[in-house]
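A.B. asks: For reference, the sequence and a predicted model appear below.
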Amino acid sequence: MLLGLALLGTACSPGGSSSGSVAEKASVVHTDRLTTASGAIYQVHRVTDFDASALPHNSDLKMADGNLAKYAVEGCTLDVPLQDAPSHCDVYVQSDTGGTLLGYAFVVADANGARFSVVADLSGKVEPGGGSCSFGGALYESVASGIRPLSDPSRDFQARQMYSAWEKSPGNFLVSDAGLRDDVIADDETSLGVWHLTRSGNKLRIAQERWNFCYSRPDVMIDDVFYLATTLTKAAR
């Protein structure tokens, strides 16, 4: 539950176009302050130089009055006990109707590392009747010594999330985060998959490795670029 959202000030950065898509207009940042029910205080840096009507709409965003900062309280799982409150969350938007995912990606950092979640509608041009798909989990990055949890998603990174999926009924999957487990073996009922996430500046690329459980057609490859819209950083009390 959101208790407060007060305007602190405004900071502007140069660059960007004055017309076009959300991605082309991401140039002006406004800073707000948000306080959660548990008392955690966040600085909210909002990319505002774009047409808000271009944002993908879903029920959760409507419940948040179209305000991405309010939406982030749920999407970033900020409304938790104070000691568990995430330190950082980035909210990304994919509004290109030509993409495979139309919606939002949340990348969160807390004491356990980084994780992500995606809430998106599917392309009605590709999937008969459209539909929606949600997924996410812990993020890991490759280093010289092997693989470790991603700790700082506020910088550029290359990370992945591995999952196992069991198809309970045609098109209905039960998905579990497989983490770094090497003992997860696909069988006749379980399939393994990997999501790859790459951040470069204000862009976040989300792509599948072998297959995805969102689309019924096996030839559909998910590979979309989301653009940073809002960043929330936990402030010192």
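C.D. replies: Done, it's in.
A.B. asks: So what touches the strand or helix carrying V73?
C.D. replies: In this structure, V73 sits in helix 68-75 according to DSSP states H and E. For helix 68-75, contacts defined as CB atoms under 8 Å, 6 or more residues apart in numbering pick out 1-2, 5, 32, 34, 36, 44, 46, 55, 60-61, 64, 78-79, 89, 91, 104, 106, 117, 119, 229-230, 232. In this view, the C-beta of every residue, glycine as well, is placed from N, C-alpha and C.
A.B. asks: Can you check the distance spanned by stretch 85-101, start to finish?
C.D. replies: 28 Å (CA to CA, to the nearest Å).
A.B. asks: Can we start the residue count at 49 from this point?
C.D. replies: Right, with 49 as the first residue, what we last looked at is stretch 133-149.
A.B. asks: Could you give me the buried positions within that stretch?
C.D. replies: By 16 or more other CB atoms under 10 Å, the buried positions in stretch 133-149 come out as 133-134, 136-144, 147-149.
A.B. asks: So which residue is dead centre in this protein?
C.D. replies: When CA atoms, centre = their mean is applied to the chain, the residue found nearest the centroid is A153 (1.8 Å).
A.B. asks: How about L82: what's its closest non-neighbour residue?
C.D. replies: Leaving out its chain neighbours, the residue that sits closest to L82 by CB to CB, 6 or more residues apart in numbering is Y90, at 4.6 Å.
A.B. asks: Do a quick rundown of the strands in this structure.
C.D. replies: For the chain, the strands defined by DSSP state E cover 50-60, 76-84, 89-95, 136-142, 149-158, 161-170, 180-186, 188-191, 194-197, 205-217, 220-225, 238-248, 251-256, 271-282.
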